[in-house]
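Visitor: Give me coordinates for this.
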Amino acid sequence: MNPKPKKFDLIGSLALAGSILCWSLIPAMLKYLEPYITGWESNAVRYPFASMLWAGPLYYFWRKGRVPRSVWKWALLPAGVNVFAQGLWAWLPYFNDASVIGFLARTSVVFAITGGLILFPDERPIMKSPMFWIGVVLCAGGFLIMNAVRASLSSGDSLFGPLLVLICGMFYGLYGVSVRYSMHGVRPWIAFPIISIYTSIVLLGFLFVFEPDSHIMEVAITDTGPFLVLLLSAFIGIASAHTFFYISLERLGSAISGGMQLMGAFITPLWAYLFLGEKLTWLQWQGGIVLLLGGALLLSAQTKIHPKSMDEDEVTIEPRIPD
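Guide: Next up is the predicted model:
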């Protein structure tokens, strides 16, 4: 019997596009905030604020009995991965231009697809595709080309910034995989608020431990404009982007949702040019094109398989999870 043909998922596709547009804007916003706050302060404000925005809906579903106790335990794994990813993300603008962050952070596609292959048997047939392996090589080559300019600098720490982006991309790639693995069947507006609560607690702890003399309250009073940008970045890049991403994970799968984030590499430089006047060098553009070409091959190879997560019949409409 022929497999059931896949239908175009408009809701999942729009959610995925929403996550790409939201996340692509954040590097420029965080770069703008660099003179006013530190990475610890950024994390300690943005995530708790985003958690507060989702606290009402989470309480509503809890009162309706749709938040089983076991979900709080299952959320620990993706929350742990998210803490590392978000902790690094807030510090990237202090060592990289927004455009460079937009390009190099997209190396997360390699980790997203690789993690999916390891954990989800329905995605493993992609390993037989030559396009997959060529795509991996091109992504790595594009990363090296983009950093050729920095590598030629005399400063001994010239590669620290790009390395930080690469590590952050690894955690963000595994983040989507961990969400699909641990929170299968849990609706996005329940899963993300719980994970964001765990993440907020840890990030607030980081602020008290590593920056006890924080001046974030002074910034909120004296620099109202930048502080409002900080809150707006939390609404766009966390409360909205993550929820959109969870919806796409639920309806399209981890490899497609993670891989398509490469498209943000074209959008972030546009935001950075409009708001910050940043420009990539010609060599960096060439490396970025190679990076995107590798990502396109990865996505093309992904279409050769039919993960169960892409089948609407496999999507759990309401969680039925025993405690």
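Visitor: May I ask which helix or strand encompasses Leu204?
Guide: Remark: Leu204 resides in helix 188-210, with elements defined by DSSP states H and E.
Visitor: pLDDT-wise, which helix or strand of the protein ranks last?
Guide: Least confident helix or strand of the chain, by mean pLDDT, DSSP states H and E, is helix 148-151 with a mean of 54.
Visitor: Just the pLDDT for the closest residue to Gly142 other than its chain neighbours.
Guide: Leaving out its chain neighbours, the residue that sits closest to Gly142 by Cβ to Cβ, 6 or more residues apart in numbering is Leu291, at 2.9 Å. (Each C-beta comes from the backbone N, C-alpha and C, glycine too.) Per-residue pLDDT puts Leu291 at 71.
Visitor: same check, this time on the one 10 residues further on
Guide: The predicted local distance difference test score for Ala301 is 62.
Visitor: Could you do the one 10 residues further on as well?
Guide: Looking at Asp311, its pLDDT is 52.
Visitor: next one: Ile113
Guide: We have a pLDDT of 70 for Ile113.
Visitor: tell me the SS of the residue lying closest to Lys279 once chain neighbours are set aside?
Guide: Leaving out its chain neighbours, the residue that sits closest to Lys279 by Cβ to Cβ, 6+ apart is Tyr273, at 6.6 Å. Following DSSP: H, G, I helix; E, B strand; the rest coil, the label given to Tyr273 is helix.
Visitor: got the angle for the helix or strand following the least confident helix or strand of the chain vs helix 188-210?
Guide: Per DSSP H and E, helix 148-151 leads on to helix 160-182 as the next helix or strand towards the C-terminus. Direction vectors for helix 160-182 and helix 188-210, defined by axes from the mean of the first three to the mean of the last three Cα atoms, to 10 degrees, enclose an angle of 140 degrees.
Visitor: What average pLDDT does the helix or strand containing Asn43 get?
Guide: In this assignment (DSSP H and E), Asn43 forms part of helix 39-63. Per-residue confidence for helix 39-63 averages out to 92 on the pLDDT scale.
Visitor: Ok, stretch 79-95 next?
Guide: The model assigns stretch 79-95 a mean pLDDT of 86.
Visitor: same deal with stretch 238-251?
Guide: Computed over stretch 238-251, the mean pLDDT rounds to 87.
Visitor: Find the helix or strand that Lys85 is a member of.
Guide: Just so we're on the same page, residue 85 is Ala rather than Lys. Mapping Ala85 onto the secondary structure by DSSP H and E places it in helix 76-89.
Visitor: What residues sit buried inside that helix?
Guide: Of the residues in helix 76-89, those buried by neighbour count under the rule 16 or more other Cβ atoms under 10 Å are 77-89.
Visitor: Likewise for stretch 214-230?
Guide: Buried residues in stretch 214-230, counted by 16+ other Cβ under 10 Å: 214, 216, 219-220, 223, 226-227, 229-230.
Visitor: quick revisit: shouldn't the residue nearest to Gly142 be in contact with Val137?
Guide: No. Taking Cβ atoms under 8 Å as the contact criterion, Leu291 and Val137 are not neighbours in contact, 11.3 Å apart.
Visitor: neighbour-wise, which of the two wins?
Guide: Leu291 (26 against 12; other Cβ atoms under 10 Å).
Visitor: sec struct for the more buried one, please.
Guide: Three-state call for Leu291 (three-state DSSP): helix.
Visitor: Report the separation between it and Gly264.
Guide: Taking Cβ to Cβ, to the nearest Å as the measure, Leu291 falls 12 Å from Gly264.
Visitor: coming back round to it: of all pairs in the buried residues of stretch 214-230, which one is the farthest apart?
Guide: By the measure Cβ to Cβ, the buried residues of stretch 214-230 have their two most distant members at Ser214 and Val229, which lie 17.9 Å apart.
Visitor: And the helix or strand just after the helix holding Leu204, what does it pack against?
Guide: Tracing the chain C-terminally past helix 188-210 and defining elements by DSSP H and E, one meets helix 216-222 next. Contact analysis of helix 216-222 by 3 or more Cβ pairs under 8 Å, 6 or more residues apart in numbering; DSSP states H and E lists helix 39-63, helix 224-234 as its packing neighbours.
Visitor: Following element in sequence after the first one, please.
Guide: Sequence-wise, the next helix or strand downstream of helix 39-63 (DSSP H and E) is helix 69-74.
Visitor: For that next one, buried residues please.
Guide: For helix 69-74, the neighbour count (16+ other Cβ under 10 Å) marks 71, 74 as buried.
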